[in-house]
Structure formats: structure tokens, C-alpha cells
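Novice: I would like to see how this sequence folds:
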Amino acid sequence: MKATVHKITLMVVDHENLKADDIVDLLESCRWVYPRVTSIETAEVDWRDDHPLNRRETRDATLAEIFPTTK
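Specialist: Numbering: from 1, shown residues only. Now for the predicted structure:
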């Protein structure tokens with residue numbers, strides 16, 4: 001099965017002097033913040049339940065393979 005993966009980069013203006021990890025926690029727990037999407041990248045992957053993006057241990061490395069950073 002094909003699945004679409006979106007990598008979305010956000011900008012968050014922190015008026016509360018939170019730590020970056022706290023902002024991540026806010027976003028991941030769906031609390032209200034004021035993010036600004038700064039970029040979106042999209043890729044198609046062959047999805048299965050044991051896909052590496054579906055595992056915490058392999059997610060970051062797999063994401064980096066799908067969306068390599070160019071500088």
C-alpha cells in the first residue's frame with residue numbers, strides 16, 4: 001500500500017520563554033500554540049505496519065533518508 005508522508009517545518013514565536021522541548025511537547029499533545037508552517041516536503045512510501053517510520057527506534061533515520069537535508 002502506498003502512503004504519503006509530509007515533513008512540515010514550523011516556526012513558533014515563544015513569548016513565554018519555554019524551552020524548545022516544551023514547545024515540542026505542546027505541539028505533540030495538541031495544545032493550542034501559534035505555529036507558522038515554513039515548509040512542506042512530501043514523499044510517497046510503500047507502507048506496511050512494520051514500516052521504519054512506524055517505529056520510534058528507526059523513525060528519525062528513516063525520515064532523514066526520505067527527506068535528505070541539503071545545505
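
Novice: export the strand or helix carrying Ala43 to CSV, keeping only CA atoms.
Specialist: For Ala43, the host element (DSSP states H and E) is strand 35-46. Only the C-alpha atoms of strand 35-46 are listed here, as CSV (Å, rounded to 0.1, in the frame of the first residue of the first chain):
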residue,chain,number,x,y,z
PRO,A,35,2.8,27.8,14.8
ARG,A,36,3.7,29.1,11.4
VAL,A,37,4.4,26.5,8.7
THR,A,38,7.6,27.4,6.9
SER,A,39,8.0,24.5,4.6
ILE,A,40,6.4,21.3,3.5
GLU,A,41,8.0,18.3,1.8
THR,A,42,6.1,15.3,0.5
ALA,A,43,7.1,11.8,-0.5
GLU,A,44,5.3,8.6,-1.3
VAL,A,45,6.4,5.4,0.6
ASP,A,46,5.4,1.8,0.4
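
Novice: show me what it is packed up against.
Specialist: strand 2-12 (3 or more C-beta pairs under 8 Å, 6 or more residues apart in numbering; DSSP states H and E). C-beta coordinates here come from the backbone N, C-alpha and C atoms, glycine included.

Novice: sheet partners, orientation included, of the strand it packs on?
Specialist: strand 35-46 (antiparallel) (DSSP bridges).

Novice: pLDDT of whatever helix or strand comes next after the partner strand, averaged?
Specialist: Remark: after strand 35-46, the chain's next helix or strand is helix 59-66, criterion DSSP H and E. What helix 59-66 shows for mean pLDDT is 92.

Novice: what angle do helix 59-66 and strand 35-46 make?
Specialist: 80 degrees (axes from the mean of the first three to the mean of the last three C-alpha atoms, to 10 degrees).
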